[in-house]
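Peer 1: Have a look at this prediction, sequence included:
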Amino acid sequence: MPKGYDNIEAGIQRNPEGNYWVRASVRHPRTGKMVSRSATLPAGATLHDARKHLAVLRVEVEEKVASPASPLRGRPTVEACAARWIAAHYERNRDSTADHYRQVLTDHVLPAPIGPDGACFGELYAETVSRTDVDRWCRWAEQARREDGEGYAAETVKGWWRVLCGFLRDTAADLNRPDPIVRVKAPRVAGRRKRREQRTLSNDQLGALVEAVDDRRRAEVYLLAYTGMRPGELYALEWGDVDEGAGCIRVRRAHRRGKVEATKTDDPRDLALTGRLAQVLDEHRRLSMAVEGEAVGLPPAVVAHLERDGRVVNGDVRRLLGWGAMKVRLALRRWVEAGLLVRRGASTRPYYVAGEGQVAAERLPRVPDRPLVFPSRAGTHRTPESLHKPLAEAAARAGIEQRVTPQVLRRTFNTLLLRAGIDRTVLRSQMGHCSEEMTSRYAGVSIDAKREAVAQLEEESAA
């Protein structure tokens with residue numbers, strides 16, 4: 001790793017300018033020397049893009065060192081086939097899907113000690129993988145444990161199994177070998193299913209949570225709580241999608257891992273816009289405009305410093321805002337991309353001036369001119385993780401002991417409407433589910449609901 005680079009994960013580093021640097025290395029099968037290829041990604045690239053580029057580099061390096069006598073070409077290992085399979089999925093699937101496949105194979109398939117003398121799955125030659133090997137992996141997956149010693153949920157292990165099946169069947173077809181999955185039973189993990197009733201809130205808890213959220217984030221929480229919207233859909237929402245005349249919110253896109261794409265199910269939908277929801281959005285719009293002199297994306301302290309000194313450096317932002325070095329670098333890069341700042345000076349000691357000379361607050365664009373309903377302070381898309389801290393603080397103030405996340409709000413919306421007897425077809429359309437089964441799985445059953453059901457049975461029996 002070059003000097004001064006921050007290590008992010010295996011094969012991925014970040015240089016002092018904040019750009020991702022990736023390197024793929026393979027030991028040459030004949031000389032034993034390491035053959036490497038590296039690349040620096042352009043500014044604005046995400047960790048997700050770095051992983052995708054690294055997968056492509058690995059395939060290129062393996063092809064470079066391959067020869068007719070090389071095991072990479074003549075007898076590829078499971079690990080080599082996995083690298084090619086993941087790279088292919090980055091080309092034809094969603095990046096988030098390919099990321100999931102990469103994580104499952106890297107963490108839960110290739111390292112599994114199922115081969116002779118404890119060899120890992122990834123070290124086996126792909127053409128030699130048999131039903132016995134796959135069955136050994138199933139037994140290993142059934143006994144796998146987390147770092148805290150707890151077992152994995154049954155649905156999690158089933159997810160690993162689905163990825164493994166797809167990978168081995170595609171690899172067998174490429175090598176013209178029999179399918180090693182035939183007649184192998186999937187791993188069975190009993191008694192570890194997640195308890196859905198612990199992942200939803202009651203109606204009273206939901207109302208208390210919304211009231212306890214900070215004013216500047218309350219509109220986001222309210223929309224998640226009372227529309228069932230996915231957080232990625234919320235942060236891709238634009239003011240043009242809010243149609244008060246038609247009484248609907250049009251969900252057409254979602255923000256995931258730095259990219260704006262179609263919704264999760266590729267199916268646009270219209271959500272109900274009630275009078276209260278419209279009022280909350282109007283209040284959010286007015287609150288966004290209320291701070292006089294606040295530039296879009298630039299904190300007031302930075303604007304004041306620019307007006308006084310005409311320039312700002314990395315250390316000034318750290319001192320003014322109390323941020324860490326990494327957060328400052330990311331913020332400066334976003335402000336430059338948004339045109340709010342212009343980078344000047346040497347590459348080792350840059351300074352920043354106001355973009356296009358627009359320092360005075362009255363000359364900067366206002367929040368309503370931007371299309372995003374809930375932008376970040378830098379004017380970019382927010383991420384679901386940005387709500388974790390505000391929700392945790394609100395839950396503590398409201399006296400809610402369980403952990404509350406955007407996903408908990410979505411499950412709560414589904415559960416409360418089912419309990420209220422709402423037509424399941426209407427609910428499925430509002431939630432954006434692709435099947436009735438998914439709507440049922442999102443439902444949580446609280447201990448209060450169980451108690452009410454038993455009490456009703458007792459009353460009917462005593463009558």
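Peer 2: Everything's here; your move. Numbers count the residues shown, from 1 in each chain.
Peer 1: where do the helices sit along the stretch 101-250 of the chain?
Peer 2: Using DSSP state H, counting those that start in this stretch, the helices of the stretch 101-250 of the chain run over residues 131-143, 154-175, 203-212, 215-227, 231-234.
Peer 1: With distance to Arg410, mean pLDDT and mean neighbour count added, can I get the ones you listed in JSON lines?
Peer 2: Backbone N, C-alpha and C define where each C-beta goes, glycine included. JSON lines is the format used below for the helices of the stretch 101-250 of the chain (distance: least, Cβ to Cβ, whole Å; pLDDT from 0 to 100; neighbours: other Cβ atoms under 10 Å):
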{"stretch": "helix 131-143", "distance to Arg410": "29", "mean pLDDT": "92", "mean neighbour count": "17"}
{"stretch": "helix 154-175", "distance to Arg410": "17", "mean pLDDT": "92", "mean neighbour count": "17"}
{"stretch": "helix 203-212", "distance to Arg410": "12", "mean pLDDT": "90", "mean neighbour count": "16"}
{"stretch": "helix 215-227", "distance to Arg410": "7", "mean pLDDT": "89", "mean neighbour count": "20"}
{"stretch": "helix 231-234", "distance to Arg410": "8", "mean pLDDT": "90", "mean neighbour count": "24"}
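Peer 1: Out of those, which is closest to Pro299?
Peer 2: helix 215-227 (13.4 Å; Cβ to Cβ).
Peer 1: Between helix 203-212 and that closest one, find me the angle.
Peer 2: On the basis of axes from the mean of the first three to the mean of the last three Cα atoms, to 10 degrees, helix 215-227 is oriented at 150 degrees to helix 203-212.
Peer 1: Pull helix 215-227 out as CSV, backbone CA atoms only.
Peer 2: Coordinates of each C-alpha in helix 215-227 appear next as CSV, following Å, rounded to 0.1, in the frame of the first residue of the first chain:
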residue,chain,number,x,y,z
ASP,A,215,-37.8,19.7,14.1
ARG,A,216,-35.4,19.6,11.2
ARG,A,217,-35.7,15.8,10.7
ARG,A,218,-39.3,15.4,11.8
ALA,A,219,-40.7,15.6,8.2
GLU,A,220,-38.5,12.7,7.1
VAL,A,221,-39.6,10.5,10.0
TYR,A,222,-43.2,11.4,9.5
LEU,A,223,-43.2,10.4,5.8
LEU,A,224,-41.4,7.1,6.6
ALA,A,225,-43.9,6.4,9.4
TYR,A,226,-47.1,7.3,7.6
THR,A,227,-46.4,6.3,4.0
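Peer 1: His48 contacts Thr97, doesn't it?
Peer 2: No - in this structure, His48 is not within contact of Thr97 by Cβ atoms under 8 Å, at 11.6 Å.
Peer 1: ok, these two, which is more surrounded?
Peer 2: Neighbour totals were compared for His48 and Thr97, and His48 leads with 17 against 12 (other Cβ atoms under 10 Å).
Peer 1: Quick check: chain neighbours aside, which residue is closest to that one?
Peer 2: Leaving aside its sequence neighbours, His48 sits nearest to Arg257 (Cβ to Cβ, 6 or more residues apart in numbering; 4.3 Å).
Peer 1: Ok, Ser429 next?
Peer 2: Leaving aside its sequence neighbours, Ser429 sits nearest to Arg269 (Cβ to Cβ, 6+ apart; 6.3 Å).
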